[in-house]
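Enquirer: below are the sequence and a predicted model for it; my questions follow.
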Amino acid sequence: MRISVFGLGYVGCVSAACLAARGHQVVGVDVNPLKVDLIGRGRAPVVEERIGELTAEVVASGALRATTDAVEAVRESELSLVCVGTPSAPNGSLSTAYLERVAEQIGEALADRQDWHTVVFRSTMLPGTTASVLVPILEKASGRTAGVDFGVAVNPEFLREGTSVRDFFDPPKTVIGELDPASGDMVARLYGGLPGQVFRVPVTVAEMTKYADNSFHGLKIAFANELGAVCAALGVDSHQVMDVFLADTKLNVSPAYLRPGFAFGGSCLPKDLRGLVYAAHRADVAVPLLSHVLPSNEEHLRRAFDLVAAAGKRRIGLFGLSFKPGTDDLRESPLVELAERLLGKGFDLRIYDANVSMSRLIGANRDYIESRLPHLSELLSNSAEDVLAHAEVCVVGCDDPAVLDALVHAGDRNVVDLIRLPDAEERRRHPGYVGLGW
């Protein structure tokens with residue numbers, strides 16, 4: 001394909017050279033004539049493993065050149081890959097000034113074209129930027145309609161500085177946010193044959209993926225460093241601890257616990273987090289990340305309560321009570337906490353949980369629930385249908401088959417979904433449905 005790459009920094013320079021190496025005809029575009037001159041002489045404007053040699057090869061072969069003329073570059077290409085920077089202000093806000101300028105330049109170039117051209121944004125930007133900022137600029141400057149007269153897509157990069165060439169040819173995944181299928185097809189052709197799963201998703205999902213990745217990477221580093229500090233203070237070898245931790249690919253280094261849902265609870269997680277934070281404080285070790293895990297969990301519980309209260313109705317049916325499906329353990333269950341708050345605010349509550357029966361609760365489990373919900377026996381029902389009949393608002397905290405069967409007949413009742421029901425996508429079209437985090 002004939003490709004114009006806007007912005008010859010780390011991402012643009014590497015993308016241009018690697019795409020040229022894959023057989024595409026690439027023209028790099030930058031406002032800095034020094035970068036353009038370097039490319040023209042077969043030299044990379046950045047220092048990276050392999051990028052110098054690769055740039056020299058593709059320039060020598062004629063597959064890559066550079067220019068400061070944006071209009072010329074667009075006219076001579078069928079796809080424009082936008083890789084300009086989105087610098088961050090001290091308060092965290094992103095500047096889209098460079099993106100807006102390039103979008104206007106591309107739009108002006110498209111005004112004189114009748115053939116199809118695809119504009120692909122590779123820059124990191126917050127969800128909604130493409131639709132609310134960039135597409136209107138493209139349409140105004142070109143006098144044409146996105147998705148009808150020209151294509152738009154978002155293609156976030158996952159290149160690590162220092163290994164970006166290697167990452168380009170061996171990506172963990174390829175994400176294509178497509179405004180229209182034709183644009184998605186064009187972007188997919190850029191990377192055909194490369195390893196890794198390809199995700200073709202809505203534009204906003206593609207915009208968000210880079211933030212999900214980098215936030216989690218930062219979270220992992222902060223977690224390891226805080227744990228290391230606590231271990232050092234307690235005389236424990238942190239690397240041996242992490243060797244054991246990393247060996248668990250079933251729960252620790254895995255997809256486990258990484259689906260948005262309701263708050264966590266139970267007899268282990270809250271207790272052990274409190275214990276670790278207490279030990280850190282006693283050892284005079286600041287652990288801001290670990291110290292805020294439980295407050296973050298509490299905030300998520302508050303979100304759930306607010307969704308129920310926002311329905312503005314009094315009769316509530318709560319489906320699920322134990323801290324985890326398939327158990328009757330109620331200790332530190334967030335659903336028990338939610339039930340307690342609803343009762344405290346005067347809601348008329350009925351509860352169904354197939355695994356919870358007052359007659360079967362014993363020991364610490366019974367003691368806990370009697371201290372939190374002393375009248376639980378009056379609230380519990382052994383029939384999901386009876387709880388549904390009582391409810392104006394259904395709060396779903398489990399996916400028990402009886403609950404799913406009952407919810408088929410929810411009708412126009414409000415549904416607050418804490419678990420993402422199997423038919424959540426369909427239910428989202430109902431005005432009374434709301435999901436916690438989706």
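Expert: On my side now, so go ahead.
Enquirer: biggest helix in the chain by residues?
Expert: helix 203-234 (DSSP state H).
Enquirer: could you say what helices and strands that helix packs with?
Expert: strand 151-154, strand 173-178, helix 238-247, helix 269-282, helix 288-291 (3 or more Cβ pairs under 8 Å, 6 or more residues apart in numbering; DSSP states H and E). All C-beta spots, glycine's among them, are computed from the backbone N, C-alpha and C.
Enquirer: so what's the residue count around residue 116?
Expert: 13 (other Cβ atoms under 10 Å).
Enquirer: ditto for residue 136
Expert: With other Cβ under 10 Å as criterion, residue 136 counts 15.
Enquirer: from residue 219, how far out is the most centrally placed residue in the chain?
Expert: The residue lying closest to the centre of the chain (Cα atoms, centre = their mean) is residue 212, at 4.0 Å. Using Cβ to Cβ, to the nearest Å, we find residue 212 at a distance of 11 Å from residue 219.
Enquirer: per the record, what domains does this structure have?
Expert: 2-206, 296-435 (automatic domain parsing).
Enquirer: got the end-to-end distance for the shortest one?
Expert: Think domain 296-435. 18 Å (Cα to Cα, to the nearest Å).
Enquirer: follow-up on the earlier one: and the longest helix of the chain with strand 173-178, angle?
Expert: Taking axes from the mean of the first three to the mean of the last three Cα atoms, to 10 degrees, one finds that helix 203-234 is oriented at 140 degrees with respect to strand 173-178.
Enquirer: which of the residues in helix 203-234 are buried?
Expert: Under the neighbour-count criterion of 16 or more other Cβ atoms under 10 Å, helix 203-234 has 203, 206-210, 224, 226-231 buried.
Enquirer: before we move on, what about stretch 186-193?
Expert: Within stretch 186-193, the residues scored as buried using 16+ other Cβ under 10 Å are 186, 187, 188, 190, 191.
Enquirer: filter those residues down to the ones in helices?
Expert: The helices, defined by DSSP H, take in 186, 187, 188, 190 from the buried residues of stretch 186-193.
Enquirer: would CSV of these with pLDDT be doable?
Expert: Converted to CSV, those look like this (pLDDT from 0 to 100):
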residue, pLDDT
186, 96
187, 97
188, 97
190, 95
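Enquirer: and which of those is nearest residue 32?
Expert: When these are ranked by distance to residue 32 (Cβ to Cβ), residue 190 comes first, at 24.6 Å.
Enquirer: check contacts around that closest one.
Expert: Counting by Cβ atoms under 8 Å, 6 or more residues apart in numbering, residue 190 makes contact with 1, 3, 19, 22, 24, 79, 155.
Enquirer: SS state for residue 66?
Expert: Of the three states, residue 66 takes strand under DSSP: H, G, I helix; E, B strand; the rest coil.
Enquirer: what residues are up against it?
Expert: Per Cβ under 8 Å, 6+ apart, neighbours of residue 66: 8, 27, 28, 29, 30, 35, 36, 39, 40.
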